[in-house]
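Student: here is my input, please return the structure:
(chains A, B, C and D)
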Protein chains: 2
Amino acid sequence: MPAESDCTEMLDSETKAVETPEDHADELRLWLRLLTCTTLIEGEVRGRLRQRFDVTLPRFDLMAQLDKAPDGMTLSDVSKRMMVSNGNVTGLVERLVESGHLDRRTSETDRRVQVIRLTKLGRAEFRRMAAEHETWIADLFADLTPKDVRELMRLLAKTKASAQKSAARRRP
Amino acid sequence: MPAESDCTEMLDSETKAVETPEDHADELRLWLRLLTCTTLIEGEVRGRLRQRFDVTLPRFDLMAQLDKAPDGMTLSDVSKRMMVSNGNVTGLVERLVESGHLDRRTSETDRRVQVIRLTKLGRAEFRRMAAEHETWIADLFADLTPKDVRELMRLLAKTKASAQKSAARRRP
DNA sequence: TGAAAACATTTTAGGCTTAAAACAATTTGG
DNA sequence: CCAAATTGTTTTAAGCCTAAAATGTTTTCA
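Tutor: Model prediction:
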(Lines give C-alpha, C1' and ligand atoms only; values in the text may rest on other atoms or scores of the structure.)
Protein backbone atom coordinates (compact mmCIF):
# COMPACT_ATOMS: atom_id res chain seq x y z
CA MET A 1 0.00 0.00 0.00
CA PRO A 2 1.70 3.15 -1.22
CA ALA A 3 2.22 6.09 1.08
CA GLU A 4 0.34 9.28 0.35
CA SER A 5 2.04 11.51 -2.17
CA ASP A 6 3.07 15.01 -1.28
CA CYS A 7 2.55 16.16 -4.85
CA THR A 8 -0.10 18.75 -5.44
CA GLU A 9 -1.20 17.13 -8.69
CA MET A 10 -1.82 13.43 -8.53
CA LEU A 11 -0.81 11.24 -11.41
CA ASP A 12 -2.79 8.23 -12.48
CA SER A 13 -1.48 4.92 -13.68
CA GLU A 14 -0.93 6.33 -17.16
CA THR A 15 1.11 9.24 -15.80
CA LYS A 16 -1.50 11.77 -16.84
CA ALA A 17 -2.80 14.52 -14.60
CA VAL A 18 -6.05 13.39 -13.09
CA GLU A 19 -8.98 15.21 -11.53
CA THR A 20 -8.56 15.13 -7.80
CA PRO A 21 -11.08 16.48 -5.34
CA GLU A 22 -9.08 19.67 -5.14
CA ASP A 23 -8.58 21.50 -1.92
CA HIS A 24 -9.71 25.10 -2.12
CA ALA A 25 -9.68 25.74 1.60
CA ASP A 26 -7.21 28.61 1.26
CA GLU A 27 -9.32 30.50 -1.23
CA LEU A 28 -12.34 29.94 0.97
CA ARG A 29 -10.51 31.31 3.99
CA LEU A 30 -9.35 34.27 1.95
CA TRP A 31 -12.91 35.01 0.88
CA LEU A 32 -14.17 34.85 4.44
CA ARG A 33 -11.44 37.17 5.61
CA LEU A 34 -12.15 39.62 2.83
CA LEU A 35 -15.80 39.57 3.80
CA THR A 36 -15.01 40.05 7.46
CA CYS A 37 -12.85 43.09 6.76
CA THR A 38 -15.48 44.69 4.59
CA THR A 39 -18.34 43.98 6.98
CA LEU A 40 -16.34 45.30 9.90
CA ILE A 41 -15.40 48.56 8.22
CA GLU A 42 -18.78 49.02 6.60
CA GLY A 43 -20.54 48.58 9.92
CA GLU A 44 -18.24 51.07 11.56
CA VAL A 45 -18.79 53.66 8.83
CA ARG A 46 -22.53 53.06 8.87
CA GLY A 47 -22.68 53.65 12.61
CA ARG A 48 -20.60 56.81 12.49
CA LEU A 49 -22.64 58.28 9.64
CA ARG A 50 -25.82 57.64 11.58
CA GLN A 51 -24.50 59.03 14.86
CA ARG A 52 -22.73 62.08 13.47
CA PHE A 53 -25.00 63.01 10.57
CA ASP A 54 -28.15 60.95 10.91
CA VAL A 55 -27.68 59.66 7.38
CA THR A 56 -27.68 56.11 6.07
CA LEU A 57 -24.73 54.55 4.27
CA PRO A 58 -26.60 53.97 0.99
CA ARG A 59 -27.67 57.63 0.89
CA PHE A 60 -24.07 58.68 1.51
CA ASP A 61 -22.79 56.35 -1.19
CA LEU A 62 -25.26 57.66 -3.72
CA MET A 63 -24.35 61.25 -2.94
CA ALA A 64 -20.67 60.33 -3.28
CA GLN A 65 -21.30 59.12 -6.82
CA LEU A 66 -23.12 62.33 -7.72
CA ASP A 67 -20.47 64.55 -6.17
CA LYS A 68 -18.04 63.19 -8.75
CA ALA A 69 -20.45 64.02 -11.60
CA PRO A 70 -21.30 67.73 -11.58
CA ASP A 71 -23.36 67.32 -14.75
CA GLY A 72 -25.46 64.63 -13.17
CA MET A 73 -25.91 60.95 -13.86
CA THR A 74 -28.67 58.75 -15.13
CA LEU A 75 -30.22 56.21 -12.80
CA SER A 76 -28.64 53.42 -14.82
CA ASP A 77 -25.21 54.93 -14.42
CA VAL A 78 -25.70 55.14 -10.69
CA SER A 79 -26.99 51.59 -10.56
CA LYS A 80 -23.94 50.26 -12.41
CA ARG A 81 -21.46 52.30 -10.41
CA MET A 82 -22.96 51.33 -7.09
CA MET A 83 -23.46 47.75 -8.23
CA VAL A 84 -27.02 47.65 -6.96
CA SER A 85 -30.28 46.90 -8.70
CA ASN A 86 -32.23 49.50 -10.66
CA GLY A 87 -35.21 49.32 -8.38
CA ASN A 88 -32.98 50.01 -5.43
CA VAL A 89 -31.78 53.25 -6.97
CA THR A 90 -35.33 54.34 -7.77
CA GLY A 91 -36.31 54.18 -4.12
CA LEU A 92 -33.11 55.71 -2.83
CA VAL A 93 -33.41 58.64 -5.23
CA GLU A 94 -37.06 59.12 -4.32
CA ARG A 95 -36.17 59.64 -0.69
CA LEU A 96 -33.22 61.92 -1.44
CA VAL A 97 -35.31 64.10 -3.73
CA GLU A 98 -37.96 64.23 -1.03
CA SER A 99 -35.40 65.43 1.52
CA GLY A 100 -34.10 68.11 -0.85
CA HIS A 101 -30.65 66.61 -1.46
CA LEU A 102 -31.22 65.62 -5.08
CA ASP A 103 -32.69 67.15 -8.17
CA ARG A 104 -34.25 64.84 -10.74
CA ARG A 105 -35.29 65.76 -14.26
CA THR A 106 -36.21 63.91 -17.43
CA SER A 107 -33.63 64.16 -20.19
CA GLU A 108 -34.54 66.54 -23.03
CA THR A 109 -33.21 64.22 -25.69
CA ASP A 110 -34.41 60.86 -24.40
CA ARG A 111 -37.57 60.79 -22.42
CA ARG A 112 -36.76 57.40 -20.90
CA VAL A 113 -33.81 58.85 -19.04
CA GLN A 114 -33.87 60.49 -15.61
CA VAL A 115 -30.88 62.71 -14.82
CA ILE A 116 -30.14 63.33 -11.16
CA ARG A 117 -27.83 65.88 -9.56
CA LEU A 118 -26.95 67.02 -6.07
CA THR A 119 -28.77 70.18 -5.05
CA LYS A 120 -26.81 72.98 -3.42
CA LEU A 121 -27.95 71.64 -0.06
CA GLY A 122 -27.05 68.09 -1.04
CA ARG A 123 -23.59 69.07 -2.16
CA ALA A 124 -22.90 71.14 0.94
CA GLU A 125 -24.04 68.38 3.27
CA PHE A 126 -22.12 65.74 1.39
CA ARG A 127 -18.87 67.72 1.44
CA ARG A 128 -19.21 68.19 5.16
CA MET A 129 -19.76 64.48 5.70
CA ALA A 130 -17.09 63.40 3.23
CA ALA A 131 -14.38 65.37 4.98
CA GLU A 132 -15.05 63.58 8.24
CA HIS A 133 -15.61 60.25 6.52
CA GLU A 134 -12.13 60.43 5.06
CA THR A 135 -10.60 60.71 8.51
CA TRP A 136 -12.56 57.68 9.70
CA ILE A 137 -11.22 55.60 6.85
CA ALA A 138 -7.70 56.82 7.51
CA ASP A 139 -8.10 55.81 11.13
CA LEU A 140 -9.53 52.40 10.30
CA PHE A 141 -6.52 51.66 8.07
CA ALA A 142 -4.05 53.45 10.34
CA ASP A 143 -1.87 50.43 11.09
CA LEU A 144 -1.12 49.73 7.45
CA THR A 145 2.13 51.15 6.14
CA PRO A 146 2.15 52.97 2.78
CA LYS A 147 3.75 49.85 1.36
CA ASP A 148 0.97 47.68 2.77
CA VAL A 149 -1.56 49.98 1.14
CA ARG A 150 0.18 49.80 -2.24
CA GLU A 151 0.48 46.04 -2.03
CA LEU A 152 -3.15 45.60 -1.04
CA MET A 153 -4.21 47.86 -3.90
CA ARG A 154 -2.25 45.71 -6.31
CA LEU A 155 -3.55 42.40 -5.00
CA LEU A 156 -7.14 43.61 -4.85
CA ALA A 157 -6.88 44.87 -8.43
CA LYS A 158 -5.79 41.38 -9.39
CA THR A 159 -8.62 39.90 -7.36
CA LYS A 160 -11.16 42.15 -9.00
CA ALA A 161 -9.93 41.23 -12.46
CA SER A 162 -10.02 37.54 -11.60
CA ALA A 163 -13.54 37.74 -10.25
CA GLN A 164 -14.77 39.74 -13.22
CA LYS A 165 -13.31 37.17 -15.57
CA SER A 166 -14.99 34.38 -13.66
CA ALA A 167 -18.30 36.23 -13.66
CA ALA A 168 -18.01 36.83 -17.39
CA ARG A 169 -17.35 33.13 -17.99
CA ARG A 170 -20.69 32.30 -16.44
CA ARG A 171 -22.67 35.17 -17.93
CA PRO A 172 -21.05 36.04 -21.27
CA MET B 1 7.12 83.27 -1.61
CA PRO B 2 8.53 79.82 -0.90
CA ALA B 3 7.94 76.94 -3.24
CA GLU B 4 5.81 74.05 -2.07
CA SER B 5 7.72 71.50 -0.08
CA ASP B 6 7.83 67.88 -1.15
CA CYS B 7 8.03 66.73 2.44
CA THR B 8 5.21 64.63 3.73
CA GLU B 9 5.26 66.38 7.07
CA MET B 10 5.31 70.12 6.92
CA LEU B 11 7.35 72.06 9.40
CA ASP B 12 6.29 75.39 10.75
CA SER B 13 8.41 78.40 11.42
CA GLU B 14 9.57 76.91 14.71
CA THR B 15 10.65 73.68 13.03
CA LYS B 16 7.97 71.68 14.76
CA ALA B 17 5.69 69.20 13.03
CA VAL B 18 2.41 70.90 12.29
CA GLU B 19 -1.10 69.68 11.57
CA THR B 20 -1.58 69.66 7.84
CA PRO B 21 -4.85 68.82 6.13
CA GLU B 22 -3.58 65.33 5.56
CA ASP B 23 -4.16 63.50 2.36
CA HIS B 24 -5.88 60.17 2.88
CA ALA B 25 -6.81 59.62 -0.71
CA ASP B 26 -4.88 56.35 -0.88
CA GLU B 27 -6.70 54.82 2.05
CA LEU B 28 -9.99 55.96 0.59
CA ARG B 29 -9.17 54.34 -2.75
CA LEU B 30 -8.14 51.18 -0.95
CA TRP B 31 -11.42 51.08 0.93
CA LEU B 32 -13.42 51.54 -2.26
CA ARG B 33 -11.47 48.79 -3.98
CA LEU B 34 -11.96 46.45 -1.05
CA LEU B 35 -15.66 47.19 -1.17
CA THR B 36 -15.82 46.65 -4.91
CA CYS B 37 -14.14 43.25 -4.66
CA THR B 38 -16.46 42.09 -1.91
CA THR B 39 -19.60 43.38 -3.61
CA LEU B 40 -18.59 41.77 -6.88
CA ILE B 41 -17.90 38.36 -5.39
CA GLU B 42 -20.85 38.48 -3.03
CA GLY B 43 -23.21 39.30 -5.88
CA GLU B 44 -21.84 36.47 -7.94
CA VAL B 45 -22.21 33.97 -5.11
CA ARG B 46 -25.68 35.25 -4.32
CA GLY B 47 -26.78 34.78 -7.91
CA ARG B 48 -25.34 31.29 -8.21
CA LEU B 49 -26.91 30.16 -4.93
CA ARG B 50 -30.26 31.41 -6.11
CA GLN B 51 -30.01 29.87 -9.58
CA ARG B 52 -28.57 26.50 -8.56
CA PHE B 53 -30.24 25.93 -5.20
CA ASP B 54 -32.94 28.56 -4.85
CA VAL B 55 -31.46 29.66 -1.56
CA THR B 56 -30.53 33.13 -0.35
CA LEU B 57 -27.02 34.08 0.71
CA PRO B 58 -27.98 34.93 4.32
CA ARG B 59 -29.64 31.53 4.72
CA PHE B 60 -26.53 29.85 3.33
CA ASP B 61 -24.27 31.85 5.63
CA LEU B 62 -26.30 30.96 8.67
CA MET B 63 -26.26 27.28 7.77
CA ALA B 64 -22.49 27.51 7.27
CA GLN B 65 -22.08 28.73 10.84
CA LEU B 66 -24.21 25.90 12.20
CA ASP B 67 -22.42 23.28 10.13
CA LYS B 68 -19.26 24.10 12.08
CA ALA B 69 -21.10 23.67 15.40
CA PRO B 70 -22.58 20.18 15.66
CA ASP B 71 -23.77 20.89 19.21
CA GLY B 72 -25.65 23.96 18.09
CA MET B 73 -25.27 27.65 18.77
CA THR B 74 -27.22 30.28 20.60
CA LEU B 75 -28.76 33.11 18.63
CA SER B 76 -26.27 35.54 20.18
CA ASP B 77 -23.36 33.41 19.05
CA VAL B 78 -24.71 33.38 15.53
CA SER B 79 -25.33 37.10 15.62
CA LYS B 80 -21.75 37.81 16.70
CA ARG B 81 -20.21 35.39 14.24
CA MET B 82 -22.21 36.70 11.31
CA MET B 83 -21.78 40.29 12.44
CA VAL B 84 -25.46 41.06 12.03
CA SER B 85 -28.06 42.35 14.45
CA ASN B 86 -29.95 40.10 16.85
CA GLY B 87 -33.29 40.86 15.31
CA ASN B 88 -31.96 39.86 11.95
CA VAL B 89 -31.04 36.43 13.23
CA THR B 90 -34.45 35.97 14.83
CA GLY B 91 -36.18 36.38 11.49
CA LEU B 92 -33.67 34.33 9.54
CA VAL B 93 -33.96 31.46 12.01
CA GLU B 94 -37.74 31.67 11.96
CA ARG B 95 -37.80 31.06 8.22
CA LEU B 96 -35.22 28.28 8.35
CA VAL B 97 -37.11 26.47 11.11
CA GLU B 98 -40.27 26.88 9.05
CA SER B 99 -38.60 25.28 6.03
CA GLY B 100 -37.32 22.37 8.12
CA HIS B 101 -33.62 23.19 7.90
CA LEU B 102 -33.17 24.19 11.53
CA ASP B 103 -34.17 22.91 14.90
CA ARG B 104 -34.67 25.41 17.71
CA ARG B 105 -35.04 24.63 21.41
CA THR B 106 -34.87 26.55 24.63
CA SER B 107 -31.82 25.76 26.74
CA GLU B 108 -32.51 23.52 29.73
CA THR B 109 -30.21 25.48 32.00
CA ASP B 110 -31.04 29.03 30.96
CA ARG B 111 -34.50 29.78 29.72
CA ARG B 112 -33.36 32.98 28.01
CA VAL B 113 -31.27 31.06 25.55
CA GLN B 114 -32.40 29.50 22.29
CA VAL B 115 -30.13 26.80 20.88
CA ILE B 116 -30.35 26.13 17.16
CA ARG B 117 -28.96 23.24 15.13
CA LEU B 118 -29.11 22.03 11.57
CA THR B 119 -31.65 19.28 11.04
CA LYS B 120 -30.64 16.19 9.08
CA LEU B 121 -32.25 17.80 6.03
CA GLY B 122 -30.52 21.10 6.69
CA ARG B 123 -27.13 19.48 7.03
CA ALA B 124 -27.55 17.39 3.91
CA GLU B 125 -28.66 20.34 1.83
CA PHE B 126 -25.92 22.55 3.18
CA ARG B 127 -23.18 20.02 2.43
CA ARG B 128 -24.42 19.68 -1.12
CA MET B 129 -24.40 23.44 -1.60
CA ALA B 130 -21.10 23.98 0.18
CA ALA B 131 -19.26 21.58 -2.10
CA GLU B 132 -20.30 23.53 -5.16
CA HIS B 133 -19.86 26.87 -3.43
CA GLU B 134 -16.22 26.03 -2.80
CA THR B 135 -15.58 25.55 -6.50
CA TRP B 136 -17.18 28.92 -7.29
CA ILE B 137 -14.88 30.65 -4.84
CA ALA B 138 -11.88 28.84 -6.27
CA ASP B 139 -12.91 29.97 -9.72
CA LEU B 140 -13.46 33.57 -8.67
CA PHE B 141 -9.94 33.69 -7.20
CA ALA B 142 -8.41 31.54 -9.92
CA ASP B 143 -5.94 34.13 -11.22
CA LEU B 144 -4.27 34.59 -7.87
CA THR B 145 -1.13 32.58 -7.28
CA PRO B 146 -0.70 30.73 -3.98
CA LYS B 147 1.73 33.47 -3.03
CA ASP B 148 -0.87 36.14 -3.81
CA VAL B 149 -3.33 34.31 -1.60
CA ARG B 150 -0.87 34.10 1.28
CA GLU B 151 0.06 37.74 0.93
CA LEU B 152 -3.56 38.85 0.79
CA MET B 153 -4.35 36.77 3.86
CA ARG B 154 -1.52 38.46 5.71
CA LEU B 155 -2.48 41.99 4.67
CA LEU B 156 -6.16 41.46 5.37
CA ALA B 157 -5.33 40.11 8.81
CA LYS B 158 -3.43 43.30 9.43
CA THR B 159 -6.34 45.32 8.06
CA LYS B 160 -8.81 43.54 10.28
CA ALA B 161 -6.69 44.15 13.35
CA SER B 162 -6.29 47.80 12.46
CA ALA B 163 -10.01 48.28 11.94
CA GLN B 164 -10.88 46.48 15.17
CA LYS B 165 -8.48 48.68 17.06
CA SER B 166 -10.01 51.77 15.52
CA ALA B 167 -13.52 50.56 16.31
CA ALA B 168 -12.51 49.85 19.90
CA ARG B 169 -11.06 53.35 20.24
CA ARG B 170 -14.45 54.80 19.49
CA ARG B 171 -16.56 52.31 21.44
CA PRO B 172 -14.39 51.12 24.38
C1' DT C 1 -32.94 38.80 50.21
C1' DG C 2 -34.17 41.71 46.83
C1' DA C 3 -33.41 45.64 43.88
C1' DA C 4 -30.49 46.78 40.16
C1' DA C 5 -27.70 45.43 36.47
C1' DA C 6 -26.74 42.43 32.83
C1' DC C 7 -28.10 39.30 29.37
C1' DA C 8 -30.75 36.84 25.46
C1' DT C 9 -34.16 37.37 22.58
C1' DT C 10 -38.17 39.42 20.25
C1' DT C 11 -40.73 43.20 18.59
C1' DT C 12 -41.25 47.46 16.11
C1' DA C 13 -40.73 50.84 12.61
C1' DG C 14 -38.48 52.09 8.90
C1' DG C 15 -35.42 51.63 5.30
C1' DC C 16 -32.62 48.70 2.05
C1' DT C 17 -32.23 45.12 -1.48
C1' DT C 18 -33.17 41.91 -4.92
C1' DA C 19 -35.28 39.49 -9.02
C1' DA C 20 -38.71 39.56 -12.07
C1' DA C 21 -42.40 41.57 -14.44
C1' DA C 22 -44.40 45.61 -16.39
C1' DC C 23 -44.20 49.86 -18.76
C1' DA C 24 -42.50 53.41 -21.75
C1' DA C 25 -39.38 55.26 -25.21
C1' DT C 26 -35.93 54.61 -28.59
C1' DT C 27 -33.25 52.10 -31.93
C1' DT C 28 -32.69 48.57 -35.36
C1' DG C 29 -33.18 45.99 -39.50
C1' DG C 30 -36.06 43.95 -42.94
C1' DC D 1 -42.05 52.42 -42.51
C1' DC D 2 -42.86 49.58 -38.89
C1' DA D 3 -42.49 45.40 -36.09
C1' DA D 4 -39.10 43.57 -33.08
C1' DA D 5 -35.47 44.17 -30.10
C1' DT D 6 -33.27 47.05 -26.91
C1' DT D 7 -32.88 50.34 -23.30
C1' DG D 8 -34.16 53.01 -19.00
C1' DT D 9 -37.06 53.12 -15.33
C1' DT D 10 -40.69 51.74 -12.13
C1' DT D 11 -43.45 48.44 -9.82
C1' DT D 12 -44.17 44.30 -7.17
C1' DA D 13 -43.50 40.79 -3.84
C1' DA D 14 -40.64 38.98 -0.75
C1' DG D 15 -37.00 38.96 2.12
C1' DC D 16 -33.03 41.24 4.53
C1' DC D 17 -31.26 44.51 7.91
C1' DT D 18 -30.71 47.88 11.48
C1' DA D 19 -31.40 50.56 15.82
C1' DA D 20 -34.04 51.05 19.58
C1' DA D 21 -37.48 49.71 22.73
C1' DA D 22 -39.74 45.99 25.06
C1' DT D 23 -39.92 41.45 27.38
C1' DG D 24 -38.49 37.89 30.12
C1' DT D 25 -34.59 35.66 32.68
C1' DT D 26 -30.52 35.33 35.34
C1' DT D 27 -26.76 37.29 37.93
C1' DT D 28 -24.74 40.57 41.02
C1' DC D 29 -23.96 42.63 45.22
C1' DA D 30 -25.31 45.78 48.90
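
Student: and the top helix by length along chain A, what does it pack against?
Tutor: For chain A, the longest helix by residue count, based on DSSP state H, is helix A:25-53. Here helix A:25-53 touches helix A:57-67, helix A:120-140, helix B:25-53, helix B:120-140, helix B:146-170, going by 3 or more CB pairs under 8 Å, 6 or more residues apart in numbering or on different chains; DSSP states H and E. C-beta: built from backbone N, CA, C; applies to glycine.

Student: in that helix, what counts as buried?
Tutor: Under the neighbour-count criterion of 16 or more other CB atoms under 10 Å in any protein chain shown, helix A:25-53 has A:26-28, A:30-31, A:33-38, A:40-45, A:48-49, A:53 buried.

Student: that helix close to DNA strand D?
Tutor: Yes. Residues of helix A:25-53 are located near DNA strand D by CB under 7 Å from any atom of the strand, namely A:Gly43, A:Arg46, A:Gly47, A:Arg50.

Student: does DNA strand C have contacts with that helix?
Tutor: No. Helix A:25-53 lies out of reach of DNA strand C by CB under 7 Å from any atom of the strand, never closer than 9.4 Å.

Student: returning to that earlier point: any chance of JSON lines for the residues of helix A:25-53 next to DNA strand D, columns pLDDT?
Tutor: Formatted as JSON lines, the residues of helix A:25-53 next to DNA strand D follow (pLDDT from 0 to 100):
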{"residue": "A:Gly43", "pLDDT": "98"}
{"residue": "A:Arg46", "pLDDT": "98"}
{"residue": "A:Gly47", "pLDDT": "97"}
{"residue": "A:Arg50", "pLDDT": "97"}
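
Student: and those residues, which is closest to A:Val89?
Tutor: A:Arg46 (18.8 Å; CB to CB).

Student: which residues touch the closest residue to that closest one other than its chain neighbours?
Tutor: Leaving out its chain neighbours, the residue that sits closest to A:Arg46 by CB to CB, 6 or more residues apart in numbering or on different chains is A:Leu57, at 4.5 Å. For A:Leu57, the contacting residues are A:Glu42, A:Val45, A:Arg46, A:Leu49, by CB atoms under 8 Å, 6 or more residues apart in numbering or on different chains.

Student: and for A:Leu28, nearest residue in space, chain neighbours not counted?
Tutor: B:Ile137 is the one closest to A:Leu28 (CB to CB, 6+ apart), at 5.4 Å.

Student: check the one you found and give its pLDDT.
Tutor: B:Ile137 carries a pLDDT score of 98 in this model.

Student: which residues does A:Ala124 contact?
Tutor: A:Ala124 touches nothing, counting by CB under 8 Å, 6+ apart.

Student: so how far is B:Leu140 from it?
Tutor: 40 Å (CB to CB, to the nearest Å).

Student: same question for A:Leu34.
Tutor: For A:Leu34 relative to B:Leu140 (CB to CB), the value is 11 Å.

Student: which SS state does whatever residue of chain A ends up closest to DNA strand D fall under?
Tutor: Using CB to the nearest atom of the strand, the single residue of chain A nearest to DNA strand D is A:Gly87, 2.5 Å away. Classification of A:Gly87 by DSSP: H, G, I helix; E, B strand; the rest coil places it in helix.

Student: make sure I have this right: A:Arg105 is in a strand.
Tutor: Yes. Counting by three-state DSSP, A:Arg105 is part of a strand.

Student: if it is in a bridge, with which residues?
Tutor: For A:Arg105, the beta-bridge partners are A:Val115 (DSSP bridges).

Student: hmm, it is touching A:Thr119, no?
Tutor: No. Look at A:Arg105 against A:Thr119 with CB atoms under 8 Å: they stay out of range, at 11.8 Å.

Student: compare these two (neighbour count), which wins?
Tutor: Between A:Arg105 and A:Thr119, counting by other CB atoms under 10 Å in any protein chain shown, A:Thr119 is the more crowded of the two (16 against 11).

Student: which residues are in contact with the closest residue to that one other than its chain neighbours?
Tutor: Leaving aside its sequence neighbours, A:Thr119 sits nearest to A:Asp103 (CB to CB, 6+ apart; 5.2 Å). By CB under 8 Å, 6+ apart, A:Asp103 lies in contact with A:Val97, A:Ile116, A:Arg117, A:Leu118, A:Thr119, A:Gly122.

Student: distance of A:Thr106 relative to B:Leu30?
Tutor: From A:Thr106 to B:Leu30 the distance is 38 Å (CB to CB).

Student: from A:Val113, how far off is A:Asp77?
Tutor: Taking CB to CB, one finds A:Asp77 at 10 Å from A:Val113.
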